[in-house]
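Participant: Got a predicted model here, sequence first, then my questions.
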Amino acid sequence: MVERFLKQTSFSSVEDYNKNLEFIIPENFNFAYDVMDEWAKTDPDRLALLWTNDEGKEIRTSFSLLKEQTDQAASYLQTLGISKNDPVMLILKRRYEWWVVMLALHKIGAIVIPATHMLTKHDIVYRNTRASVKAIICVDDNYVMSQVEAAMPESPTVKSLVAVRSSVSKSEGEIPNGWHDWQSEWQKAPKFQRPVFVNDNDDTMLMYFTSGTSGEPKMVAHDYLYAMGHLTTGVFWHNLHEDSLHLTVADTGWGKAVWGKFYGQWFAGATVFVFDHEKFNADTLLRQIEKYKVTSFCAPPTIYRFMIREDLSKYDLSSLEYCTTAGEALNPAVFDKFKEKTGIQMMEGFGQTETTMTLGTMPWMKPKPGSMGIPNAQYNIDLIRADGTSCEDGEKGEIVVRVGDRKPIGLFKEYYRDPELTKEAWHDGMYHTGDMAWRDEDGYYWFEGRIDDVIKSSGYRIGPFEVESALMTHPAIVECAITGVPDDIRGMVVKATVVLGKEWKDKAGEELVKELQNHVKRETAPYKYPRIVEFVDELPKTISGKIRRVEIRNKDNKK
């Protein structure tokens, strides 16, 4: 499959990849037809999706069966009046139907808006009105359905509500009036007829409301080539092949789901493994990897932090071939401990909702613990100073994507219906990520933090991540967040908000504060140590698992 879209399909070095990565871009590319239906034609019995849940239920779906199901679903959606360019919001958790509906909406040219099940009425109204959502397809969860219903009086564009009962549930359940029942209706739709025209490459295919660390969410619009941009994510960064069984830990309302559970994995012909669960537990997750012999695993650093606190010798993880991480910067201490316990080196990647993977550690590279890797050859990445000039090696600057005459594959189209916000982030021939980093002499990038997270104290500029990495090497720390607190003398002082391991919780106090402060002084430059340490049970996070330092700062500023 890969050879249909790349002029060269394997690479042996950074130089080879940078020089020879070149996409073959067909007209009117549509992932559902040009990749998924092609697999159904060329290798119909290959296992596309292995879904299981925390009740032990299983669904195993071949590419040919998935084609039949997505065709049927596309036909059903058309009977609801959904057609090309209609925005449809999906709130489906990790239900099996998410994969079917995603592909079905691609097949009819509708615009998919994945969303988290944690949205409130306010969140749903905001999304419905900003994007003119025409239909909502969601789980038959009492909370989710009640929030959707509460939003309807202020959502005039929404014409259809569809409830999806669990496909493995023994109980039929009751679907309230005003809702369509997916299970009882979708298979009754007439035979699907592919539309004469589905899409141009630059049509909007997918939109995400970003889980930003501040302000109202932005609508990130992606075109149909965004899916192709993830070919490098799955085939190269995840290092997948046709015998791979890949598990990415991600909520389907988060962009990481299409990074790790959808496009790139199926370009590679791998099997996507899905574990549908309500509450994360490291032991349960490790048991799934052991039971199903998962070969490839990707998760944000938070998940790895909890995994390494388990006794990994209790699990047979011999099937694991490759592990990757993204979503937030990886602390070197977590990298080292995971490698010590499993023998596997984690390969870090970096990107945003607005992009596919822009920086990464590829299979032909040696990882440097804590580094995001080097630029993905499909993007022209640079580090710039505040005046727009390029940084030297070792100098901190903002990560930008230099855009020439042609938008790189994988970069977003725009912030939907917000030209001013788009121009604020994309101007002077560059897309500004808002993330700070520095580059070493080997071309590896090292994350520093968001521009607005940088702490200025007594004339020093302190990146939160460097202090967090120092703290994470202390055995007491599970998670931590570094922020700046206003100070009359120093301008700002460094504060550490920390989550302790359960065996350390009863030691929270002044003695442990001093121990942590001295530990940071030993691990990094002494001026970076946290003058304030607060112990908490959990850190505030976005739906995608990123720490909301802005929430900590705002709370401190109100004191």
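Facilitator: Looks like it arrived, so ask away.
Participant: from here on, contacts and neighbour counts on C-alpha atoms
Facilitator: Noted.
Participant: Student question: in the protein, what's the helix or strand with minimum average pLDDT?
Facilitator: strand 460-462 (a mean of 73; mean pLDDT, DSSP states H and E).
Participant: Would you agree residue 317 is in contact with residue 290?
Facilitator: Yes - at 5.6 Å, residue 317 and residue 290 qualify as touching, with contact defined as C-alpha atoms under 8 Å.
Participant: Output the contacting helices and strands for the next helix or strand after the least confident helix or strand of the chain.
Facilitator: For strand 460-462, the following helix or strand on the C-terminal side (DSSP states H and E) is helix 464-471. The contact analysis (3 or more C-alpha pairs under 8 Å, 6 or more residues apart in numbering; DSSP states H and E) places helix 464-471 against strand 445-450, strand 477-487, helix 510-523.
Participant: buried residues in helix 464-471?
Facilitator: Burial within helix 464-471, assessed by neighbour count using 16 or more other C-alpha atoms under 10 Å, is assigned to 464-471.
Participant: how close does residue 185 sit to residue 17?
Facilitator: 48 Å (C-alpha to C-alpha, to the nearest Å).
Participant: neighbour-wise, which of those two wins?
Facilitator: residue 17 (19 against 12; other C-alpha atoms under 10 Å).
Participant: per-residue confidence for that one?
Facilitator: pLDDT recorded at residue 17 is 96.
Participant: So it is in contact with residue 11, correct?
Facilitator: Yes - between residue 17 and residue 11 there is a contact under C-alpha under 8 Å: 5.6 Å.
Participant: need the helices and strands packed on helix 464-471 in a markdown table with mean pLDDT, distance to residue 244 and mean neighbour count, can you?
Facilitator: Output for these, formatted as a markdown table (pLDDT from 0 to 100; distance: least, C-alpha to C-alpha, whole Å; neighbours: other C-alpha atoms under 10 Å):
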| stretch | mean pLDDT | distance to residue 244 | mean neighbour count |
| --- | --- | --- | --- |
| strand 445-450 | 87 | 29 | 22 |
| strand 477-487 | 89 | 31 | 21 |
| helix 510-523 | 93 | 39 | 16 |
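Participant: Now distance to residue 231 too, for those, in TSV please.
Facilitator: What follows is these, written out as TSV (distance: least, C-alpha to C-alpha, whole Å):
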stretch	distance to residue 231
strand 445-450	22
strand 477-487	32
helix 510-523	39
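Participant: what about residue 430, how many neighbours?
Facilitator: Neighbour number of residue 430 under other C-alpha under 10 Å is 18.
Participant: any chance you could map the strands in the stretch 251-400 of the chain?
Facilitator: 271-276, 296-299, 322-325, 346-351, 357-360, 371-375, 381-384, 397-402 (DSSP state E, counting those that start in this stretch).
Participant: Looking at those, which is nearest to residue 484?
Facilitator: Residue 484 lies closest to strand 397-402 among the strands of the stretch 251-400 of the chain, at 19.3 Å (C-alpha to C-alpha).
Participant: partner strands of that closest one, parallel or antiparallel?
Facilitator: Counting by DSSP bridges, the strands paired with strand 397-402 are strand 381-384 (antiparallel), strand 430-439 (antiparallel).
Participant: list the buried ones in the longest one?
Facilitator: I take that to be strand 430-439. So strand 430-439, judged by 16+ other C-alpha under 10 Å, has buried residues 430-433, 435-439.
Participant: And stretch 216-233, end to end?
Facilitator: Start-to-end, stretch 216-233 (C-alpha to C-alpha) is 28 Å.
Participant: which residues touch that stretch?
Facilitator: With contact meaning C-alpha atoms under 8 Å, 6 or more residues apart in numbering, stretch 216-233 is reached by 2, 29-31, 131, 199-212, 259-260, 263-265, 267-268, 353-354, 356-357, 409-416.
Participant: Out of those, list just those in strands.
Facilitator: 204-209, 357, 414-415 (DSSP state E).
Participant: Am I right that residue 103 is in contact with residue 72?
Facilitator: No - here residue 103 lies out of contact with residue 72, judged by C-alpha under 8 Å, at a distance of 10.9 Å.
Participant: Show me what secondary structure element comes after the host helix or strand of residue 49.
Facilitator: Applying DSSP H and E as the criterion places residue 49 in strand 47-53. The first helix or strand that comes after strand 47-53 along the chain, using DSSP H and E, is strand 58-62.
Participant: Got phi/psi on the residue lying farthest from the centre of the chain?
Facilitator: The outermost residue of the chain relative to its centre, with distances by C-alpha atoms, centre = their mean, is residue 489 at 40.0 Å. Main-chain torsions, residue 489, degrees, to the nearest 10: phi -90, psi -50.
Participant: before we move on, the earlier item: the strand holding residue 49 packs against which elements?
Facilitator: Against strand 47-53 (3+ C-alpha pairs under 8 Å, 6+ apart) you get strand 58-62, helix 63-79, strand 271-276.
Participant: Nice, that's everything, thank you.
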